[in-house]
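Novice: Need a 3D model of the sequence below.
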Amino acid sequence: MSDPRSEAARYRAEKELAEGERGSAPSPQWSTREERWAVVEASIQQAIRRGEFDDLPGAGKPLEGLVASSDPDWWIKRKIEREGLSGMAPPAIQLRTEHKGMSATLDELPREADVRAHLEDFNARVRSARLQLEGGPPVVTPTLDVEAEVSAWRDRRAERAPSGGADAPGGGVAGTAVPWWRRWARGR
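Specialist: Numbers count the residues shown, from 1 in each chain. The predicted structure is shown next:
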């Protein structure tokens, strides 16, 4: 039975011997930092002469917003904005943003049951985020009173709806199409 360590050492020795016979040059070993910088600078200058940096996007243009902002995270915010990324913020920030736009979100929902379900889901996520100890900013977003929000949703919906209801022209609920047979029967 052979020892794996001795087998590995034998393999390395045979490989080094084979490379020496082929005449392959060993990898460069630089003794000082200046030697490394000189080799890197020479490589860059050769690439410039070959034209490898000629057609880069934004070549010769200043970086936008570099002077105007003192925010250290400007680059990641710009990347998120440019790429249209979402869901990358910590839960506390996501919940705050969602809380700010809650009225508009609720106004898009067609039924009261959907509004209640959305509010209950939001409250559950707020409570869950408060229990997490993952770090990041604290969760200061309040839970919402479902009944008060549903009532406000009804009020906003009533303000948007045209007045009239059953008395609206056509004899039906405002905003709904009246079937052709009712229009025909009314015209007789």
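Novice: rest of the way, CA atoms for contacts and neighbours
Specialist: Noted.
Novice: Which pLDDT value belongs to residue 181?
Specialist: Predicted confidence (pLDDT) at residue 181: the value is 71.
Novice: how about low-confidence regions in this structure?
Specialist: 1, 20-30, 65-69, 87, 134, 163-176, 185-188 (pLDDT under 70).
Novice: repeat that with 80
Specialist: Where the chain drops to pLDDT under 80, the residues are 1-10, 12-31, 58-60, 62-77, 80, 84-89, 133-136, 161-188.
Novice: how about the strands in it?
Specialist: Ranges of strands within the chain: none, based on DSSP state E.
Novice: can you give me the helices for it?
Specialist: Assigned by DSSP state H, the helices in the chain fall at 4-22, 33-50, 74-83, 91-100, 102-107, 112-131, 146-160, 180-187.
Novice: And those helices: which comes nearest residue 62?
Specialist: Of all the helices of the chain, helix 74-83 sits nearest to residue 62, with 14.4 Å by C-alpha to C-alpha.
Novice: Show residues contacting that closest one.
Specialist: For helix 74-83, contacts defined as C-alpha atoms under 8 Å, 6 or more residues apart in numbering pick out residue 86.
Novice: try 7 Å this time
Specialist: Applying C-alpha atoms under 7 Å, 6 or more residues apart in numbering, helix 74-83 has no contact partners.
Novice: mind putting the helices of the chain in JSON lines, mean neighbour count and distance to residue 139 included?
Specialist: JSON lines is the format used below for these (neighbours: other C-alpha atoms under 10 Å; distance: least, C-alpha to C-alpha, whole Å):
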{"stretch": "helix 4-22", "mean neighbour count": "11", "distance to residue 139": "54"}
{"stretch": "helix 33-50", "mean neighbour count": "12", "distance to residue 139": "48"}
{"stretch": "helix 74-83", "mean neighbour count": "11", "distance to residue 139": "21"}
{"stretch": "helix 91-100", "mean neighbour count": "16", "distance to residue 139": "5"}
{"stretch": "helix 102-107", "mean neighbour count": "15", "distance to residue 139": "17"}
{"stretch": "helix 112-131", "mean neighbour count": "15", "distance to residue 139": "6"}
{"stretch": "helix 146-160", "mean neighbour count": "13", "distance to residue 139": "19"}
{"stretch": "helix 180-187", "mean neighbour count": "9", "distance to residue 139": "55"}
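Novice: Output these as CSV; include the columns distance to residue 62.
Specialist: As requested, the helices of the chain are exported to CSV (distance: least, C-alpha to C-alpha, whole Å):
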stretch, distance to residue 62
helix 4-22, 48
helix 33-50, 19
helix 74-83, 14
helix 91-100, 32
helix 102-107, 39
helix 112-131, 41
helix 146-160, 48
helix 180-187, 65
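Novice: which one of those lies closest to residue 138?
Specialist: Proximity to residue 138 (C-alpha to C-alpha) singles out helix 91-100 among the helices of the chain, at 6.3 Å.
Novice: tilt between the closest one and helix 112-131?
Specialist: Interaxial angle, helix 91-100 versus helix 112-131 (axes from the mean of the first three to the mean of the last three C-alpha atoms, to 10 degrees): 150 degrees.
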